[in-house]
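> here is my input, please return the structure:
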Amino acid sequence: MKYVISTIAAALFMMAGINTAAQAQTLKFGHINSQELLQAMPERDSAEAKLRRLTQTIENQLEELQVEFNKKYQEYLQKRDTYSSSIKEMKERELTEMQQRAQEFQQVASQDLQRQQSELMKPVIDKADAAIKKVGSDNGFIYIFDVSNGTLLYQSDKSIDVLPMVKKELGIK
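I've put the predicted structure just below:
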């Protein structure tokens, strides 16, 4: 009797192991280069065009500040010998303040550009993310790894490149 029970237990363990091995063979893993996907999305082009226009506007404003500063500085250099010490000090303080305002403007503008880039790209990234998740769900993938960031240490040839499926989901050729 003891022999029969241990034989049955051994058989059950073997069946469980075979079942687990069979299940492991059906797991699907995929990979995608998300940067390549984002590059292919037409929405990205319009977001980048808006960002370029904003960048150009900021550069024009910064150039205007620089031209104004240069003009005042040249004027100061030409007339400084004629200024009294108190006027010279006032003009130098004015130039220093102009320079500080230009630097502050540049810092704020840089932060604003970064914020605008995030805001403009968020809908594009969200759309790509939703399409990747839909392809993963519809096709039974367990994981889809992003190979664009370079942290994937190994990729088997059994891993499926889902980029073509996601592009199809998004209507991109």
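
> next structured bit after the host helix or strand of residue 137?
Taking DSSP states H and E as the definition, one finds residue 137 inside helix 85-138. Per DSSP H and E, helix 85-138 leads on to strand 141-146 as the next helix or strand towards the C-terminus.

> the following helix or strand past that following strand pairs with which strands?
Elements were assigned by DSSP H and E; along the chain past strand 141-146, the next helix or strand is strand 160-161. The sheet places strand 160-161 alongside strand 28-32 (parallel), with pairing taken from DSSP bridges.

> one step back: show me what the helix holding residue 137 is packed up against.
Identification of packing neighbours for helix 85-138 by 3 or more Cβ pairs under 8 Å, 6 or more residues apart in numbering; DSSP states H and E yields helix 34-40, helix 42-79, strand 141-146, helix 163-170. Just so you know, the C-beta spots here come from the backbone N, C-alpha and C atoms, and that holds for glycine as well.

> let's see that with 7 Å instead.
Helix 85-138 is packed against helix 34-40, helix 42-79, helix 163-170, with contacts defined by 3 or more Cβ pairs under 7 Å, 6 or more residues apart in numbering; DSSP states H and E.
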